[in-house]
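**Student:** make a model of this:
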Amino acid sequence: GSEVNQGDQLLSVPLSSCLRDDEPPSWFQQDDEEERSSNTCSYSGSNEWATRLAASLIDLRLQQASDEELDTRNLKKLSTWISMLPDALDLRASLPIHWPSDVLQITKCQALELAVDSAYFGRANAVMDLSESLKVIGASDMDQYSDDEIFRLCHDALDLVQTRTCRVSLRDGEDLMPLRLLAPVYDLINHGPSANAGFALEKTNDADDNEVLVVRATRPIARGEEVFISYGDSSTTPAWKCLLGYGFVPNFDISDERNTVELEVDAVRASVGADNVPFELAAAAAGSLAAIEGRALTEGDDIFTPAVARRIAKRAAEEAGILLEGDREMSVASKETTSISLAKALRLSQHRVLESWSSSLMDFADADE
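**Tutor:** Numbering: from 1, shown residues only. Now for the predicted structure:
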């Protein structure tokens with residue numbers, strides 16, 4: 001039988017033990033009430049909440065690095081948590097925002113390349129905001145650091161915020177306000193496309209009515225089964241978004257319609273996956289077939305015919321084959337091995353989607369003729 005029932009509590013982290021985006025250190029105070037009310041939740045761009053959380057994390061690291069003894073029990077716990085965080089260089093190697101262009105090109109994913117270009121400038125602005133605050137407001141604590149070391153400190157903090165933050169709703173009177181947290185231990189729970197647990201802020205039953213971040217089972221969990229949460233469909237699907245935001249390629253079931261790949265057919269590009277056939281691709285293929293026959297499409301023409309399905313399927317199979325073409329020989333530093341492995345993993349994920357989708361379309365075409 002199952003060891004954990006649906007609704008059972010798996011983990012509880014006091015809100016007071018978390019780093020919060022609404023409580024930045026004194027040297028990094030901004031007037032950002034308008035931004036705080038935003039529902040935007042992209043971790044790789046220029047969101048000010050991410051910069052505030054990074055400032056809190058840097059502040060904690062500076063306290064840890066100083067010779068002063070940490071003066072509260074909570075700070076000591078947070079210091080222990082920091083010692084459990086991933087190696088900065090390993091994390092950096094896993095995030096496409098830090099990859100050189102030749103490694104990005106290995107993915108053969110135009111959507112990822114465009115997203116990295118967009119996120120790059122937001123990251124640069126966040127690093128500039130943090131470094132200027134550190135150098136001007138916290139000058140006495142930063143004398144020992146060079147400019148390059150300060151930039152790296154800022155990047156490392158933003159990498160952790162990008163990959164380990166959760167978003168919850170905090171009640172403020174009658175309103176629910178978005179709150180982003182770095183929650184110790186909770187942030188060690190992995191993402192799974194088929195999550196078996198969820199999280200939310202809950203009130204305690206003590207006299208102070210404190211709030212805690214609680215993880216509960218969303219279905220029965222068997223003995224030995226790993227606990228997974230969802231990092232959110234909007235930031236983990238398609239697979240390239242998960243790689244962009246969190247530094248890994250998720251293992252999707254091939255029939256999962258959330259994992260899509262961009263495909264160009266007859267000069268029209270659209271996202272495809274599972275059993276979905278975008279109308280614009282069918283219309284483009286039908287138009288091309290009609291042109292080959294020396295005629296124009298009419299309003300009464302059937303757009304999605306077996307011939308159209310076969311044309312699209314052949315194009316998808318061709319693209320799937322391109323994704324498996326031999327990898328370019330590259331002479332790279334060992335620190336880029338992780339990034340190259342992830343780039344290839346994304347290509348393989350996209351290949352599998354297109355290969356399965358193409359096969360399904362061919363089956364449809366053959367069965368309907």
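**Student:** correct me, but residue 228 touches residue 191?
**Tutor:** Yes. Look at residue 228 against residue 191 with CB atoms under 8 Å: they come within range, at 6.5 Å. All C-beta spots, glycine's among them, are computed from the backbone N, C-alpha and C.
**Student:** in stretch 86-105, what counts as buried?
**Tutor:** 91-99, 103-104 (16 or more other CB atoms under 10 Å).
**Student:** can you put the residues you listed in a markdown table and add distance to residue 144, pLDDT and secondary structure?
**Tutor:** Below are the buried residues of stretch 86-105 laid out as a markdown table (distance: CB to CB, whole Å; pLDDT from 0 to 100; DSSP: H, G, I helix; E, B strand; the rest coil):
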| residue | distance to residue 144 | pLDDT | secondary structure |
| --- | --- | --- | --- |
| 91 | 24 | 96 | helix |
| 92 | 22 | 96 | helix |
| 93 | 26 | 94 | helix |
| 94 | 29 | 96 | helix |
| 95 | 27 | 97 | coil |
| 96 | 32 | 97 | helix |
| 97 | 27 | 97 | helix |
| 98 | 25 | 96 | helix |
| 99 | 30 | 95 | coil |
| 103 | 33 | 91 | helix |
| 104 | 35 | 93 | helix |
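**Student:** where does the protein have its least confident helix or strand?
**Tutor:** helix 33-36 (a mean of 44; mean pLDDT, DSSP states H and E).
**Student:** quick check: what element follows it along the chain?
**Tutor:** As assigned by DSSP states H and E, the chain's next helix or strand after helix 33-36 is helix 48-65.
**Student:** check which residues of that following helix are buried.
**Tutor:** Neighbour count says helix 48-65 has 48-63 buried, by 16+ other CB under 10 Å.
**Student:** determine which two of these are furthest apart.
**Tutor:** In the buried residues of helix 48-65, two members sit farther apart than any others by CB to CB. They are 48 and 63, at 22.8 Å.
**Student:** show me what contacts residue 116?
**Tutor:** 96-97, 99, 104, 244 (CB atoms under 8 Å, 6 or more residues apart in numbering).
**Student:** looking at those residues, which is nearest residue 155?
**Tutor:** Of all those, residue 155 sits closest to residue 97, with 9.2 Å by CB to CB.
**Student:** what is the end-to-end distance of stretch 248-256?
**Tutor:** 18 Å (CA to CA, to the nearest Å).
**Student:** same question but for stretch 271-282, I mixed them up
**Tutor:** Note: stretch 271-282 ends 12 Å apart using CA to CA.
**Student:** in it, which residues are buried?
**Tutor:** For stretch 271-282, by 16+ other CB under 10 Å, it's 272-274, 277-278, 281-282.
**Student:** what's the answer for stretch 310-324, then?
**Tutor:** 310-317, 319-320, 323.
**Student:** repeat for stretch 178-195
**Tutor:** 178-184, 186-187, 189, 191-193, 195.
**Student:** what's the longest helix anywhere in the chain packed up against?
**Tutor:** In the chain, taking DSSP state H as the definition, the longest helix is helix 337-368. Judged by 3 or more CB pairs under 8 Å, 6 or more residues apart in numbering; DSSP states H and E, the packing partners of helix 337-368 are helix 88-94, helix 101-106, helix 239-246, strand 261-265, strand 268-272, helix 306-323.
**Student:** other residues contacting the first one?
**Tutor:** For helix 88-94, the external contacting residues (CB under 8 Å, 6+ apart) are 98, 152, 155-156, 159-160, 163, 247-248, 335-339, 342.
**Student:** could you work out the most separated pair of these?
**Tutor:** Of all pairs in the contacts of helix 88-94, the most separated under CB to CB is 152 and 248 at 22.4 Å.
**Student:** pick the one among the buried residues of stretch 178-195 closest to residue 19.
**Tutor:** Residue 19 lies nearest to residue 182 out of those, by CB to CB, at 4.1 Å.
**Student:** what are the phi and psi values for that closest one?
**Tutor:** The phi/psi pair for residue 182 (degrees, to the nearest 10) reads phi -110, psi 110.
**Student:** so what's it closest to, chain neighbours aside?
**Tutor:** Sequence neighbours aside, residue 19 is the residue nearest to residue 182 in space, at 4.1 Å (criterion: CB to CB, 6 or more residues apart in numbering).
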